[in-house]
Every structure is written in C-alpha cells, then in structure tokens.
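Participant: compute the structure for the input listed below.
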Amino acid sequence: PAGSALALEAIDAGAVEVMCKPGAAYTVGDLAAELCEKIKAAAAADIKKLAAAADRSAPPRPITTALSRTTDKVIAIGASTGGTRAIEDVLVRFPANAPGTVIVQHMPPGFTKSFADRLNGLCRVRVKEAEDGDSVTPGQVLIAPGNKHMMLNRSGARYFVEVRDGPLVNRHRPSVEVLFRSVAMHAGRNAVGVMLTGMGGDGGHGMLM
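Facilitator: Numbers count the residues shown, from 1 in each chain. As a prediction, this is how the structure comes out:
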C-alpha cells in the first residue's frame, strides 16, 4: 500500500513496529488485540539499541551461479513485534547456499513485499514474498504475504508453499502456528524451527511438534 516504503524506512531508523489502518483487509476487531500486544512490546523495547543497529553495514552480495534444486533441509522462522529487525540480523548472515527458508512475520498486506524486496538487496540469499506454489530451495527465503496463511507442502523430493486465505489463528493471519504445523507434518526432522520475537503464543504448539 501507499506508505509501505516509508514505514520500512521508519523501522530501519529504529521504529518498533508498523500497523495498517482498519479497512477491507482488517477490521477494528481484528486489530484490537494485536494493537494491545504491540503497545506493551513497544513500552519494553530498547529504542537506543534498535536505532544503533540501523547504522551497521550489510555484507556484500556475491554473484552466484544457478541454485541447487536439492530441498532436503528447511528452516522455518516465526516473528512478531520487533521481528523485522531480528529477521534482517539473521538473514544477512546466511550464506548464498543456505537451506530453503520460510518465514511468517506478523505484518499487514502490502508491507511484506516491500520488506522482502528490501531484504533481497541486503542478503546473499534471494528473498521474496511467497506466491502459491513457490518451491522451497537452497538459497531462497519465502516470506508469507500479509493477511495470508502460508503452509509448507511436499511432492516427492520437492518442497513448496501454499498461500491461502482462512480464519485468524491465534489472532493472526499469517500465523506462525499454521506454518510450523505444516513444516512439522511435511518436513519433520529435516526442518529447524526458530521463534525470534513477539508476544503471545502464536507458534508455540507448532514448535513442539
């Protein structure tokens, strides 16, 4: 949406979180509980630390050849309030051939594409907003679109994602719980689950599977 680039600049400068205004995608009721969580997290945030992190320089992005199509290993990451900075801190350290990675970051629709595009310019791996049917391959990171659930599935040796509508899960869409449960079902011990930030229990049960 309009203003998404500006919102990401604010996060890069040290803002704790962004939220969209109620509208067609989210009602006031959908956002109420999330707003309370974000306010509590913002009150406890170390703003000076966030702002200082914005001054670091990202490592250069090397030119790489075609990616291997092996998809044995999967990394699943979940994040909520404050997660944009944490995700960046993790991904800029990934090598170009890192395992295929799927991420749910609680974020409004429209912002996730701008977020993915920004990370794509900073990281050695390719980062993109997930589309239904995208393969999960080494060297690529897929971020769930705002207001859509993302699930991992498998066909033979190929992992891929499904992007779907659906009810809020743990008050969120996309939900970390939905992603983690699908990863546990289809990747099992070939997957690693990582919870970075946030409040509430979204993803907690899926992490234990």
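Participant: what's the burial count for the residue lying closest to Gly83 once chain neighbours are set aside?
Facilitator: Among residues not flanking Gly83 along the chain, Thr197 sits closest, at 4.5 Å (C-beta to C-beta, 6 or more residues apart in numbering). All C-beta spots, glycine's among them, are computed from the backbone N, C-alpha and C. When neighbours are counted by other C-beta atoms under 10 Å, Thr197 registers 18.
Participant: how near is Lys73 to Ser135?
Facilitator: 14 Å (C-beta to C-beta, to the nearest Å).
Participant: how about the strands of the chain, start to end?
Facilitator: 74-79, 100-105, 126-129, 140-143, 149-155, 158-164, 191-195 (DSSP state E).
Participant: among these, show me which one is buried the most.
Facilitator: Comparing those by mean neighbour count (mean count of other C-beta atoms under 10 Å), strand 100-105 ranks first with a mean of 27.
Participant: for the closest residue to Met150 other than its chain neighbours, what are its contacts?
Facilitator: Leaving aside its sequence neighbours, Met150 sits nearest to Ala144 (C-beta to C-beta, 6+ apart; 3.6 Å). Contacts for Ala144 (C-beta atoms under 8 Å, 6 or more residues apart in numbering) come out as 102-105, 112, 130, 150, 163, 174, 179.
Participant: and of the strands of the chain, who's closest to Asp202?
Facilitator: strand 74-79 (7.1 Å; C-beta to C-beta).
Participant: okay, the angle between the closest one and strand 100-105?
Facilitator: Strand 74-79 and strand 100-105 are oriented at 10 degrees to each other (axes from the mean of the first three to the mean of the last three C-alpha atoms, to 10 degrees).
Participant: quick one: strands adjacent to strand 74-79?
Facilitator: strand 100-105 (parallel), strand 191-195 (parallel) (DSSP bridges).
Participant: for Val92, find the nearest of the ones you listed.
Facilitator: Across those, Val92 has its closest neighbour in strand 100-105 (13.0 Å, C-beta to C-beta).
Participant: who's in contact with the closest one?
Facilitator: The contact list for strand 100-105 (C-beta under 8 Å, 6+ apart) reads 71, 73-80, 83-84, 87, 91, 94, 112, 115, 125, 130, 135-144, 150, 152, 159, 161, 174-176, 178-179, 183, 203.
Participant: dig out what Val74 forms beta bridges with.
Facilitator: Val74 has these beta-bridge partners by DSSP bridges: Gly100, Ala191.
Participant: just checking, it touches Val183?
Facilitator: Yes - counting by C-beta atoms under 8 Å, Val74 does reach Val183; the two are 6.3 Å apart.
Participant: quick check: neighbours shared by the two?
Facilitator: 102, 152, 191.
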